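Asker: With the sequence up front, the predicted model follows.
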Amino acid sequence: FNHEGKWLVQNLESIDDFKVGNNGLKNWLVYVHGDSQTPDLAFTRGLQLQEEYKVNVIVFSWPSKDPTLGGIQNFNNSRNHIEQSTAGFVQFLLELDNWKNKLDLVQSNRLTLFLHSLGNYYLERIASDSLIANHDNKIFDNVILNAAAVNQKYHHLWLEEINIQDRFFVNSNRKDMTLKGVNMFTDFDMQLGEQAVENFASNAVYVNFSK
């Protein structure tokens, strides 16, 4: 932030400049936000995550809010944006792997990918389009699918195709009204973040936060 409470953007001139962001914290978290978020909102949420959980946060911001569209229209528009930008997201993941190796970011620490709500659709698109199938490195220690706004049905088929992590965690909450709205007011089925039922992915741990 600057003194007016606004975000300032500074380009990194080299990979070494990336070191300035670690703030002495050990672990790293890549945060992919959900629908209806501006970059400012996403960056602010990333800062909140950093302060609350004491991890270095890298925010992947993608176009998810059109002020001229209503809720469901914006949701469908955002899904289209993810489909159009999945290749760019994969490029980001590969570049992150390059940074990690060159800077020893996680020599004895953890690197986690945290995808929230509609941001999880990136994972489904990666698997469906086989965009990272030939990458053998484990980029992340943990990948967390939080309140995933993707269809619950058949999710195990694409989740089991992804191999960029040591561990998958799938969080759900039957009381999530946002995901219930997706289920009720769109053509999509029950969402994964609302309730995970069989068939379960063999490479994932499921955590139910309904209580």
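Answerer: That came in fine, so what should we check first? Keep in mind it's a predicted model, so treat the numbers as computed, not measured. Numbers count the residues shown, from 1 in each chain.
Asker: Would you mark the buried spots in the helix-or-strand element of the chain with minimal mean pLDDT?
Answerer: Ranked by mean pLDDT, DSSP states H and E, the weakest helix or strand in the chain is helix 177-185, scoring a mean of 88. Across helix 177-185, burial judged by 16 or more other C-beta atoms under 10 Å covers 178-179, 182-183. To be clear about C-beta, it is placed using only N, CA and C from the backbone, and glycine gets the same treatment.
Asker: can you list the weak-confidence ranges in this structure?
Answerer: 1-3, 15, 17-22, 103-108 (pLDDT under 70).
Asker: And what about the most centrally placed residue in it, helix, strand or coil?
Answerer: Using C-alpha atoms, centre = their mean, the residue of the chain that lies closest to the mean C-alpha position is L115, 2.3 Å off. Secondary structure, DSSP: H, G, I helix; E, B strand; the rest coil: L115 is strand.
Asker: now it: how far from P39?
Answerer: For L115, the distance to P39 equals 17 Å [C-beta to C-beta, to the nearest Å].
Asker: One more: D187?
Answerer: 29 Å.
Asker: which residues in the protein form helices?
Answerer: With helices called from DSSP state H, the chain shows them at 39-53, 71-103, 121-128, 155-159, 177-185.
Asker: which helices and strands does the shortest one pack with?
Answerer: I take that to be helix 155-159. Contact analysis of helix 155-159 by 3 or more C-beta pairs under 8 Å, 6 or more residues apart in numbering; DSSP states H and E lists helix 121-128 as its packing neighbours.
Asker: quick one, what contacts the residue nearest to the centre of the chain?
Answerer: L115 makes contact with 32, 122-123, 143-146, 148, according to C-beta atoms under 8 Å, 6 or more residues apart in numbering.
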